[in-house]
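>>> Could you look at this predicted model? Sequence included:
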Amino acid sequence: MSRIGKHPVTVPSGVTVSLANDRVTAKGRHGELSATLMDEVVVTHEGDEIVVRPRDDSSRARAMWGTARTVVYNLVTGVDAGFTRKLEIAGVGYRAQVQGRDLVLQLGYSHEVRHPIPDGITVECPDPTHITIQGADKQLVGQMAAEVRAYRRAEPYKGKGIKYDNEIIRRKEGKKK
């Protein structure tokens with residue numbers, strides 16, 4: 001059983017959080033995010049902390065307790081510091097660049113792959129083999145990183161493809177004579 005719900009979410013300076021019914025809205029230097037929480041939890045604003053509690057002692061309420069607390073934490077962290085996901089590209093001729101609101105990937109296919117960049121997300125390519133995805137919404141950042149990685153996942157024999165910067169590709173031994 002997770003005990004993450006017992007920890008209150010600290011609201012840093014520069015971030016304002018408003019509660020209305022079951023909707024939590026956070027505003028900060030990276031924009032504004034809001035989320036609708038489940039009926040099974042009660043959210044209160046106590047000083048510079050947000051406390052999430054289960055409404056009753058049912059197993060569903062206790063399960064949603066930690067989930068709701070994590071959603072609120074991601075809102076507050078996103079508008080304050082933002083989230084970043086870094087990708088690495090390995091392979092001869094594989095490269096990426098940003099053109100307008102598209103991420104253009106050349107991954108060994110007969111055509112280039114164009115991935116549209118959603119609103120609220122910033123994509124940078126400091127060099128042709130690295131991609132940095134930044135944004136306030138953790139779900140959006142992770143979703144875009146997963147979609148880009150899915151175009152050509154790193155394979156285990158030569159390690160060619162797109163991988164997360166902290167991902168370890170387990171290499172396999174090739175054919176023997």
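Right, received. Where do you want to start? Numbers count the residues shown, from 1 in each chain.

>>> now this protein, which segments are flagged as low pLDDT?
The chain contains residues with pLDDT under 70 at 1-2.

>>> can we see that at 50?
Within the chain, not a single segment meets pLDDT under 50.

>>> Which helix or strand lies directly C-terminal to whichever strand or helix holds residue 44?
Taking DSSP states H and E as the definition, one finds residue 44 inside strand 41-46. Once the chain leaves strand 41-46, the next helix or strand it forms, by DSSP H and E, is strand 49-54.

>>> quick check: angle from that following strand to strand 41-46?
Here strand 49-54 runs at an angle of 160 degrees relative to strand 41-46 (axes from the mean of the first three to the mean of the last three CA atoms, to 10 degrees).

>>> Paired strands for strand 49-54, with orientation please.
strand 9-10 (antiparallel), strand 41-46 (antiparallel) (DSSP bridges).

>>> how distant is stretch 129-143 from the center of its chain?
Averaged C-alpha coordinates place stretch 129-143 at 6 Å from its chain's average position (CA atoms, centre = their mean, to the nearest Å).

>>> now stretch 157-173
For stretch 157-173, the separation from the chain centroid amounts to 21 Å (computed by CA atoms, centre = their mean).

>>> And the host helix or strand of residue 125, what does it pack against?
Assigned by DSSP H and E, residue 125 belongs to strand 121-127. With contacts defined as 3 or more CB pairs under 8 Å, 6 or more residues apart in numbering; DSSP states H and E, the packing partners of strand 121-127 are strand 95-99, strand 130-135, helix 138-150. The C-beta positions use only the backbone N, C-alpha and C, and glycine is treated the same way.

>>> okay, the strands paired with strand 49-54, which one's buried deepest?
strand 9-10 (a mean of 18; mean count of other CB atoms under 10 Å).

>>> what does that one contact?
Applying CB atoms under 8 Å, 6 or more residues apart in numbering, the external contacts of strand 9-10 come out as 48-52, 69, 72-73, 76.

>>> Now with 10 Å, please.
Here strand 9-10 makes contact (CB atoms under 10 Å, 6 or more residues apart in numbering) with 17, 24, 26, 43, 45, 47-52, 69-77.

>>> The protein - how does it break down into domains?
Here the domain assignment for the chain is 4-80, 83-164, based on automatic domain parsing.

>>> now the longest one, how far from the centre of its chain.
It refers to domain 83-164. With CA atoms, centre = their mean, you get 14 Å for domain 83-164.

>>> Report the secondary structure state of the spatially closest residue to residue 41 that is not a sequence neighbour.
In space, and not counting its chain neighbours, residue 41 is closest to residue 68: 4.3 Å by CB to CB, 6 or more residues apart in numbering. Using DSSP: H, G, I helix; E, B strand; the rest coil, the structure places residue 68 in helix.
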